[in-house]
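Undergrad: Fold the stuff below for me.
(chains A and B)
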Amino acid sequence: MSGFWKPGTEKPRLVDDEEGGVLFFSASASSSSGYGYASMEKQRQRLPVYKYRTAILYLVETHATTIIVGETGSGKTTQIPQYIKEAGWTDGGRVIACTQPRRLAVQAVASRVVEEMGVKLGEEVGYTIRFEDLTKPDVTAVKFLTDGVLLREMMDDPLLTKYSVIMVDEAHERSISTDILLGLLKKIQRRRPDLRLIISSATIEAKSMADFFRTSKKRRELKSMEGGLLMEPAILSVEGRGFNVEINYAEEPVPDYVQATVSTVLLIHEQEPSGDILVFLTGQDDIDASVQLLNEETQTSRKNSSGLIILPLYSGLPRAEQELVFSPAPRGKRKVVVSTNIAETSITLEGIVYVVDSGFSKQRFYNPISDIENLVVAPISKASARQRTGRAGRVRPGKCYRMYTEEYYIKDMPDEGIPEIQRSNLVSCVIQLKALGIDNILGFDWPASPSPEAMIRALEVLYSLGVLDDDAKLTSPTGFQVAEIPLDPMISKMLIASSQCGCSEEIITIAAVLSIQSIWISGRGIQREFDEAKLRFAAAEGDHVTFLNVYKAFLQSGKSSQWCHKNHVNYHAMRKVLEVREQLKRIAQRIGLVLKSCEGDMRAVRKAVTSGFFANACRLEAYSNDGMYKTIRGSQEVYIHPSSVLFRVNPKWVIYSSLVSTDKQYMRNVISIDPSWLLEAAPQFYQQRPNPLH
DNA sequence: CCTCGTCTG
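TA: Residues are numbered from 1 along each chain as shown, chains lettered A, B, ... in the order given. Got it, this is the predicted structure:
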């Protein structure tokens, strides 16, 4: 091959990030404008995946499912859809789909492919993510989209008939949507022998992926279907372009991983040649603590550590601070990014040569008995550790420092993490399958089965919401309406009820706010100011009504970002609220809800909230001095979260929208109610319980 | 009397 890059010639551009992350080019990176078509073609041919072009096309032609194991930098995501198209799979108006778990990745990959093909985005090549559809019917032949969007598309077209090839990228991440999608695609395959699947996965997951798609144990059926199509999944491995990374383990188990991490960073800075450092910790607490320790070190010691630029990174960080991590360190300085898992998959940093891996991350766990989701610090898997390590070898050979022993890695660390679907509440997932006509939820063929307890709990909740009937079928119209709304079913139910309560305008706003992370900007140093700012909007009824006040004031300000800043309101979150609100309004109209404002009648609003969230009703314990509540459903001890406007107000009866558990169970987003509304909203749910409302 | 890993429709 003559396609090697020589120093002094044009710089090879990094292509897409194979871990589904998005590359952010620093200001110094060369722009693409200077490249002609020929040179673009050359670049494409230099990618490792190019060697496998014929093999991939052959496998896709002859196998129903092809599993591609692609290492970092192989070029699979951008190239394979193009190969498939060049081979004629889009002839006759058929479409190739390529899914990604994340929106940013969809956009990044689509624009790269558009550039390589020299076409306009939204024509031949397009993408669809929530709120953004850049595709043209009958024109778009290659379509990038999120897993979630493809799932939604199945509601209108369960067999996904317009697609000839579906590539599921980053399947090893095992997100809930990916897992549901894989289960459904396997089902579709039986009805559509013309459909081809390409599943891209990391090495470690490839075998279990193949096992899953090995449809039948009967050999005859397995070997071939009509037309000589092989049902046995093919596996193809494509090497990557990552550099070698030397791994260093702790010699002894580490008692305090934050401390160990900090010491390691300082040691690297003292002893190793230049190159940026990426540290993986678990959350804001860890990160702030270690950033502070590192800063102290920088200030007290006069010698080496002064050349360090220490930057935290987590999703809760304000946008401007997040962006700091992408600017290159000034000459002679070394950048240290202290990050959560966000840097493991979602964000790619250039210039990282050293990785420090604490060996932990925060993971969600769900207890179907208490119906509570918890976030806990837990050891990562080998797959995760490898991924973290790989982050060091993107620009040149790197080093990874693991804050655990080699023995621990080999003997105790699990190969793969627990798929998200086995750690989550399943209500949304169950309703989606029901809407697709899958009646036997317990018998569904999952890549990883959720626990029967979790399934049963989800069915119970949906039954009590009136979404499922006695035969566990979707009710009409409520069940079908709830399935149509892209929100948590409790929020959707609240929305539908608001149509009857005559307060849908208000509830749509509340639904939009509840479906995003938080509309407030909080920070450690500004706690008191923040509380004061919040008091300006505080409503006696509770947080939901407070949201309405914030939204109203935001509109009155002319949707001003300065106004947001002054009031500790997150401007980006409010833009998102506007966006979700518009979408919900459209859906509400489509499914025949009455759009109406209650003109300040907050009883109506509280009743509508109760209709969706009655299962989260709590009563203040009569003799409780510390604001202890008990849930009506399970007599769980819960407390109002200090961030709530009802903190220390403690009304007798409240409903919450979610629980956060730390040292205690805290209710977030709390509203006061009248207990008689509970019986009204869910007679079957509350009558079964022995005298709950005395 | 105190906080929240990351995503998605």
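Undergrad: give me the low-pLDDT residue ranges for the stretch 551-694 of chain A?
TA: Applying pLDDT under 70 to the stretch 551-694 of chain A flags the ranges A:688-694.
Undergrad: correction: the stretch 151-300 of chain A
TA: A:215-227.
Undergrad: Try it again at 90.
TA: Scanning the stretch 151-300 of chain A for pLDDT under 90 picks out A:172-173, A:201-208, A:214-229, A:239-242, A:285, A:296-300.
Undergrad: Quick check: the residue of it nearest DNA strand B.
TA: The stretch 151-300 of chain A approaches DNA strand B most closely through A:Gly283 (2.7 Å), counting by Cβ to the nearest atom of the strand. C-beta: built from backbone N, CA, C; applies to glycine.
Undergrad: Would you confirm that that residue contacts A:Ser358?
TA: No - with contact defined as Cβ atoms under 8 Å, A:Gly283 does not reach A:Ser358; the gap is 10.8 Å.
Undergrad: who's more crowded, the two?
TA: More crowded of A:Gly283 and A:Ser358, by other Cβ atoms under 10 Å: A:Ser358, with 25 against 16.
Undergrad: What's the separation between A:Asp147 and A:Leu281?
TA: In this view, A:Asp147 and A:Leu281 are 28 Å apart by Cβ to Cβ, to the nearest Å.
Undergrad: which one of those two has more residues nearby?
TA: When A:Asp147 and A:Leu281 are compared for neighbours, A:Leu281 comes out ahead with 30 against 25, by other Cβ under 10 Å.
Undergrad: wait, does the helix ranked longest in chain A make contact with DNA strand B?
TA: Secondary structure of chain A per DSSP state H: the longest helix is helix A:571-590. No - using Cβ under 7 Å from any atom of the strand, helix A:571-590 never reaches DNA strand B; the gap is at least 8.0 Å.
Undergrad: roughly how far is that helix from the heart of the chain?
TA: 19 Å (Cα atoms, centre = their mean, to the nearest Å).
Undergrad: Identify all contacting residues around it.
TA: The contact list for helix A:571-590, computed with Cβ atoms under 8 Å, 6 or more residues apart in numbering, reads A:130-131, A:319, A:484-487, A:495, A:499, A:504, A:508-509, A:511-513, A:515-519, A:551, A:554, A:559, A:561, A:564-565, A:595.
Undergrad: Pull that helix out as CSV, backbone CA atoms only.
TA: This file holds the C-alpha atoms of helix A:571-590, laid out as CSV (Å, rounded to 0.1, in the frame of the first residue of the first chain):
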residue,chain,number,x,y,z
TYR,A,571,-30.8,28.8,30.0
HIS,A,572,-30.1,25.7,28.0
ALA,A,573,-32.5,23.7,30.1
MET,A,574,-35.2,26.3,29.4
ARG,A,575,-34.6,26.2,25.7
LYS,A,576,-35.0,22.4,26.0
VAL,A,577,-38.2,22.9,27.9
LEU,A,578,-39.5,25.1,25.0
GLU,A,579,-38.5,22.4,22.5
VAL,A,580,-40.1,19.5,24.5
ARG,A,581,-43.2,21.6,25.1
GLU,A,582,-43.7,22.2,21.4
GLN,A,583,-43.3,18.5,20.6
LEU,A,584,-45.8,17.6,23.4
LYS,A,585,-48.2,20.2,22.1
ARG,A,586,-48.2,18.7,18.7
ILE,A,587,-48.6,15.1,20.0
ALA,A,588,-51.4,16.2,22.4
GLN,A,589,-53.3,17.7,19.4
ARG,A,590,-52.7,14.6,17.3
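Undergrad: Buried residues in it, which are they?
TA: Neighbour-count burial for helix A:571-590, counted by 16 or more other Cβ atoms under 10 Å, picks out A:Tyr571, A:Ala573, A:Met574, A:Lys576, A:Val577, A:Val580, A:Arg581, A:Gln583, A:Leu584, A:Lys585, A:Ile587, A:Ala588.
Undergrad: Can you tell me how far the fifth one is from A:Asp133?
TA: As judged by Cβ to Cβ, A:Val577 and A:Asp133 stand 20 Å apart.
Undergrad: what sits against A:Phe213?
TA: Neighbouring residues of A:Phe213 by Cβ under 8 Å, 6+ apart: A:Ala64, A:Thr65, A:Ile67, A:Lys186, A:Leu197, A:Ile199, A:Pro233.
Undergrad: Can you report how many residues lie near the last one?
TA: The burial count assigned to A:Pro233 is 21, neighbours taken as other Cβ under 10 Å.
Undergrad: For A:Arg319, the count of nearby residues, please.
TA: 9.
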